[in-house]
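J.: need coordinates for the following:
(2 chains)
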Amino acid sequence: MTNWKVILSIAKTHLLTKIKQTSTAALGVTFGIGSYITLVCFMTGLNNMLDNLILNQTPHVHIYNEIEPSAKQPISLYDDLSESFNVVHSIKPKLSQKKIHNALPIIKHLEANENVYGALPQIKTQIFYIAGSIEIGGNLTGINPLDEAKFFNMADYIVEGSAKALHNTDNGILLGIGIAKKMSLKVGDRVQISPINGGIFPLKIVGFYQSGIADLDAIQSFANIKTVQRILGKAQNYITDINVKLYDIEKSIPLSKQIEKQFKLTAIDIKTANAQFETGTTIRNLITYAVSITLLIVAGFGIYNILNMLIYEKMNDIAILKATGFSGKDVQLIFMSQAMIIGFVGGVLGLLIGFGLANLIGTIPFQTEALPTVETYPINMNPYFFIIGFTFAMLSTFLAGYLPSKKAKKIDPVKIIRGQ
Amino acid sequence: MHTVLEAKHINKYFKKPVLFHVLKDINFTIKKGEFASIMGKSGCGKSTLLYILSTMDTDYEGELFLNNELITGQDRQHLSYLRNKHIGFVFQFHYLLSEFTVLENVMLPARKLAEKSAQEIEHDAMQKLKMLNIDHLAKKRALQVSGGEKQRIAIARALINNPSIIMGDEPTGNLDSYNAENVFNIFKQLSSEEGLSLLVVTHDEDFANKTDRIIQMGDGKIIT
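T.: Numbering: from 1, shown residues only, chains lettered A, B, ... in the order given. Okay, the predicted model is just below:
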């Protein structure tokens, strides 16, 4: 038989008459939760940004023709030698075409798959940028600019011009910012490029591309697929790469395996290609949580301390409550509810402060060469964090309140009353 | 007459620092409306006996009956309930909850019992305060009233659940003779007019002599 009304009113009176101690304890929780929210929003914001830097541009499944030696050398087909020990020296890769055979039907087939968000053809080729007598090596990728912008956020990395401009300009090129600097080119200028098999093609610069990875920006440029096919002198079905974006990144591994089996092509999934990013994210999250938990434990000890002191001060009150018919459990509940009220008030304030601070950080300017689209510090405001933070506040105050309140429960009123 | 409290063969030992037989085979009964006092020298075990009778101390041998119900061996939760409902307590030191007002202090045991509505409890509490002539203090904080008044508030609190018996551990021990007289008169009045049983441990011979019955203790035994 627990009479919550009385218990809560006693707890409230205790808390309000010791408002200084109460607010100190609550501020401990507020500080802990506030910094947890700030930290976790900021850190995961940064994490996401860093991951997106690579992962947004990376296809979930990348399909291409790998140049590699045949797994079965001709000698193994020769029956007479099948029983003997064969050694083949100096194996060369098999001469095969770079293009994906039947690329366009494959793309159609992939797009029909319900897990696939988009499948985009690309042509990758090596070229030289020609500046006077100097030739600078580089990569030219033929793309569908509008689709790339839609599926792989390409627009985020175009610092001047636009994907549309590239789409609309037949002989246009989207030049890497590094090359543009080296050759001091502006939008609207012409740049001459030369594919490996010879010839010189002037292309009009419609924009600059900046991925944030300087090495890449110093070589990479983009043009329309048709333009690249023309430069290389290839037919309309010449496609070297297919980039697939899925709705669910987790499906990338089974899909890539299936494609490899079905089409005898190489298909690399994003998990294999970017394993190190996941590791980095995990470790950064680990640090965030370690720091937050430390803060909350410190706050928990603060509450523990203050409740302990309170119980020593209230020995007489506890004795009198017990003498007038409050059971040990009632007394424990009185002190537990004090801890939980402190946790609740402190926790909610902490969430508000965390929310405010995270928003404040979100307005601080943050400009860096590497990240063309980022203007302020990135913040990841996930409601999930607020739930975790609040749960943690309640949990830590529960634990901090439990031990002192257990002591209060066990206090023998006779000893206190006789001790006077 | 109806028996309120009965002790049968109560024995109690202190185990620390050395084994000590404090109470030796205590037998007595308190009847309804009886005003009894326990007297004895310091250390003879009278307070120890009172705390056993109050159900707060459960570490004893023997049997204890409250309103003819055996309460020895009951669990603590139930003992708390019995204490709340049937026993009122008045201590030498007044033991009010200092953060609460006088009225809240008096109401607290009744709110714990929760048998009446908040309005009824408040009404009862005011009535008890009026009966003890301290209703003008109701809204004051417990810290702001004098010693004699505090003791009367404690009595009001003891009365709030209309208990079967009121126990006092030297309730006048800390009061001047005027206030002690006052407290005695209140007790006497409760006993004769309301038929309340009272059991009071005291050192004060004048006080004891005016009660219905004196239980004289010595060396852990009841002498008379």
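
J.: when you work out contacts or count neighbours from here on, use the C-alpha atoms and nothing else.
T.: Will do.

J.: what's the first helix or strand after the helix or strand harbouring residue A:222?
T.: Taking DSSP states H and E as the criterion, residue A:222 maps to strand A:220-224. Scanning forward in sequence from strand A:220-224 by DSSP H and E, the next helix or strand is helix A:225-232.

J.: before we move on, back to that, neighbouring contacts of the strand holding residue A:222?
T.: For strand A:220-224, contacts defined as C-alpha atoms under 8 Å, 6 or more residues apart in numbering or on different chains pick out A:138-145, A:166-167, A:170-176, A:209.

J.: so which of these belong to helices?
T.: A:145, A:166, A:167 (DSSP state H).

J.: next, the buried residues of stretch B:122-138.
T.: For stretch B:122-138, a neighbour-count test (16 or more other C-alpha atoms under 10 Å in any protein chain shown) marks B:122, B:124, B:125, B:126, B:127, B:128, B:129, B:132, B:134, B:135, B:137, B:138 as buried.

J.: tell me the contacts of the second one?
T.: Spelled out, that is residue B:124. residue B:160.

J.: swap in the first one?
T.: Contact criterion C-alpha under 8 Å, 6+ apart gives B:103, B:107 as the residues in contact with residue B:122.

J.: so which helix or strand takes in it?
T.: helix B:118-131.

J.: next, count neighbours for the residue of chain B found nearest chain A.
T.: For chain B, the residue closest to chain A is residue B:84, as judged by C-alpha to the nearest C-alpha, at 3.9 Å. By other C-alpha atoms under 10 Å in any protein chain shown, the residues close to residue B:84 number 26.

J.: ok, it - contacts?
T.: Applying C-alpha under 8 Å, 6+ apart, the residues contacting residue B:84 are A:324, A:325, A:326, B:109, B:112, B:113, B:161.

J.: which member of those residues is positioned nearest residue B:180?
T.: residue A:324 (22.6 Å; C-alpha to C-alpha).

J.: quick check, that closest one in contact with residue B:107.
T.: No: shown here, residue A:324 and residue B:107 do not form a contact pair, counting by C-alpha atoms under 8 Å, at 11.0 Å.

J.: quick one on the thing from earlier: out of the contacts of residue B:84, what pair is the most spread apart?
T.: A:326 and B:161 (13.4 Å).

J.: picking up where we left off before, could the ones in helices among the contacts of strand A:220-224 be laid out in CSV, adding distance to residue A:333, pLDDT and neighbour count?
T.: Formatted as CSV, the ones in helices among the contacts of strand A:220-224 follow (distance: C-alpha to C-alpha, whole Å; pLDDT from 0 to 100; neighbours: other C-alpha atoms under 10 Å in any protein chain shown):
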residue, distance to residue A:333, pLDDT, neighbour count
A:145, 66, 90, 22
A:166, 70, 90, 24
A:167, 70, 90, 20
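
J.: closest one to chain B out of the residues you listed, please.
T.: Of the ones in helices among the contacts of strand A:220-224, the one sitting nearest to chain B (C-alpha to the nearest C-alpha) turns out to be residue A:145, at 74.3 Å.

J.: so that closest one is in contact with residue A:167, correct?
T.: Yes: at 5.7 Å, residue A:145 counts as touching residue A:167 under the criterion of C-alpha under 8 Å.

J.: which residues does residue 80 contact?
T.: Since no chain was named, I'll use chain A. Residue A:80 touches nothing, counting by C-alpha under 8 Å, 6+ apart.

J.: please refer instead to chain B.
T.: So residue B:80 contacts A:322, A:323, A:324, A:325, A:326, A:327 (C-alpha under 8 Å, 6+ apart).

J.: which of these are close to chain B?
T.: A:322, A:323, A:324, A:325, A:326, A:327 (C-alpha under 8 Å from any C-alpha of the partner chain).

J.: would you mark the buried spots in stretch A:213-228?
T.: Here stretch A:213-228 shows A:216-228 as buried, counting by 16+ other C-alpha under 10 Å.

J.: then stretch B:23-41?
T.: So, applying 16+ other C-alpha under 10 Å, buried residues of stretch B:23-41: B:23-27, B:30-40.

J.: strands of the chain, start to end?
T.: This is for chain A. In chain A, the segments counted as strands under DSSP state E are A:61-64, A:116-131, A:134-143, A:158-160, A:172-176, A:190-195, A:201-209, A:220-224, A:241-246, A:266-269.

J.: my question was about chain B, not that one.
T.: Shown for chain B, the strands assigned by DSSP E span residues B:3-14, B:20-31, B:35-40, B:61-66, B:69-70, B:87-90, B:165-169, B:197-201, B:213-218, B:221-222.

J.: now what about the second one, what contacts it?
T.: When contacts are defined by C-alpha under 8 Å, 6+ apart, strand B:20-31 is touched by residues B:1-14, B:36, B:44-45, B:49, B:197, B:199, B:219-222.
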